[in-house]
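need coordinates for the following:
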Amino acid sequence: MASACDDIDETNRVTIGNMEEYKIEGNDVTVEVDGQSFTYTDLHRILIEDFTGWRCVNCPNMAAFLINNIENIFPSVVVSLHPASNSLSNTDQVASRFSLSCTLADEIANTLAGSTIASSMSLPAVSLDQKAINGQILQSGDTLTVYNTLRSLSFDQFSSYYVNHAPFVNLAINVKKSSDNNYLLSTLLVPGAYINKDVKLQLWLLESGIVAYQSTQSGINREYVNNHVLRMAINGNQGEVFTIGDDYVMKSHTLSLEGTSYVADNCSVVAIVSDPNTNEVINCVEVDL
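Predicted structure coming up:
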């Protein structure tokens with residue numbers, strides 16, 4: 001055991017600022033369930049929810065920070081949310097061509113904060129695993145403080161699952177195209193040590209490669225590329241709650257892109273398993289259409 005005053009060699013120090021050594025690569029496991037073959041990776045992924053806006057000059061910096069300092073270090077799934085009621089992300093005559101905002105992003109923000117915060121919250125705002133730190137689930141405010149908070153929280157999540165061995169649910173999704181713009185989704189939940197508890201499953205559709213206007217500290221970027229943008233909830237805005245036992249659980253859903261302008265080749269589906277009482281994320285996974 002070391003105390004704060006001990007002189008510790010650099011090679012033996014644990015620092016939140018340099019986390020490359022904590023990169024995780026889980027083992028792939030293939031199972032047969034109800035005539036389908038599923039492959040899942042045995043690891044916990046952090047759900048990074050980035051509430052952002054095209055008028056927000058600091059939002060591109062936050063997006064870059066999340067990629068470089070969390071996503072590239074810890075297993076993660078990123079979701080970019082544009083609250084429709086927030087003046088920094090809602091559409092007008094200029095932005096209507098590339099509408100990225102959605103009322104679902106408002107509902108998610110309000111659910112996490114326990115209030116009608118979406119219209120007034122500062123952007124960017126970020127949630128990691130919908131977990132509170134210092135009493136706050138959504139982290140926003142002065143950029144440097146938020147960066148340090150997110151570094152600390154991501155390291156805490158790493159410690160919780162991989163050092164303290166907190167049980168989590170593994171996930172896999174099979175996607176099968178049934179016809180033009182229509183898909184069958186099969187989601188497998190693998191309980192492991194996380195058994196006999198209620199869980200909430202949410203399935204979200206994301207789209208990437210969307211070129212749109214974005215305010216930056218240097219002015220308007222007319223060709224900013226937006227990735228992992230939340231488009232719709234596939235199994236209801238609040239998902240579905242059920243009890244997970246000691247065996248596999250498979251859920252089937254349909255997805256239709258009919259009547260939308262979404263580009264299927266740029267779309268993905270994210271499955272999120274969370275605690276229905278606290279909303280804290282137990283695990284998540286993303287798969288391309």
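
give me the phi and psi for H253.
Dihedral pair for H253: phi -140, psi 160, per degrees, to the nearest 10.

not counting sequence-adjacent ones, nearest residue to it?
Nearest non-adjacent residue to H253, counting by C-beta to C-beta, 6 or more residues apart in numbering: L185, 4.6 Å away. Every residue, glycine included, has its C-beta placed from N, CA and C.

pairing partners for that neighbour in the sheet, please.
Beta bridges link L185 to V175, H253, judged by DSSP bridges.

just list the residues touching it, thanks.
For L185, the contact set (C-beta atoms under 8 Å, 6 or more residues apart in numbering) comprises 173-175, 203, 234, 252-255, 269.

pretty sure D129 contacts N279?
No - using C-beta atoms under 8 Å, D129 is not in contact with N279; the gap is 9.4 Å.

circling back: buried subset of the contacts of L185, written for PyMOL?
The following PyMOL line selects those of the contacts of L185 that are buried, judged by 16 or more other C-beta atoms under 10 Å:
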select buried, resi 173+174+203+234+253+255+269
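
what's the closest of the contacts of L185 to Q36?
In terms of C-beta to C-beta, no member of those lies closer to Q36 than N174, at 5.9 Å.

hang on, the closest one packs against T39?
No - under the criterion of C-beta under 8 Å, N174 makes no contact with T39, lying 9.1 Å away.

hmm, back to that, now do the same for the residue nearest to H253: its pLDDT.
Predicted confidence (pLDDT) for L185: 98.

ok, L43 touching P75?
Yes - if you go by C-beta under 8 Å, L43 and P75 touch, sitting 5.1 Å apart.

now the helices for the stretch 1-150 of the chain?
59-66, 103-113, 143-158 (DSSP state H, counting those that start in this stretch).

quick one, strands of the stretch 51-200 of the chain?
Secondary structure of the stretch 51-200 of the chain by DSSP state E, counting those that start in this stretch: the strands cover 76-81, 125-128, 139-140, 170-179, 182-190, 197-207.

the fifth one: which residues count as buried?
For strand 182-190, the neighbour count (16+ other C-beta under 10 Å) marks 183, 185-190 as buried.

starting at the chain centroid, how far to that strand?
Counting by C-alpha atoms, centre = their mean, to the nearest Å, strand 182-190 is centred 18 Å from the centre of its parent chain.

in CSV, could you pull the C-alpha coordinates for that strand?
Once non-C-alpha atoms are left out, strand 182-190 reads as follows in CSV (Å, rounded to 0.1, in the frame of the first residue of the first chain):
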residue,chain,number,x,y,z
ASN,A,182,-36.8,-3.5,-43.5
TYR,A,183,-34.8,-5.5,-41.0
LEU,A,184,-35.3,-8.2,-38.3
LEU,A,185,-33.3,-7.7,-35.2
SER,A,186,-32.4,-10.4,-32.7
THR,A,187,-30.8,-9.2,-29.4
LEU,A,188,-29.2,-11.8,-27.1
LEU,A,189,-28.6,-11.0,-23.4
VAL,A,190,-26.1,-13.2,-21.6
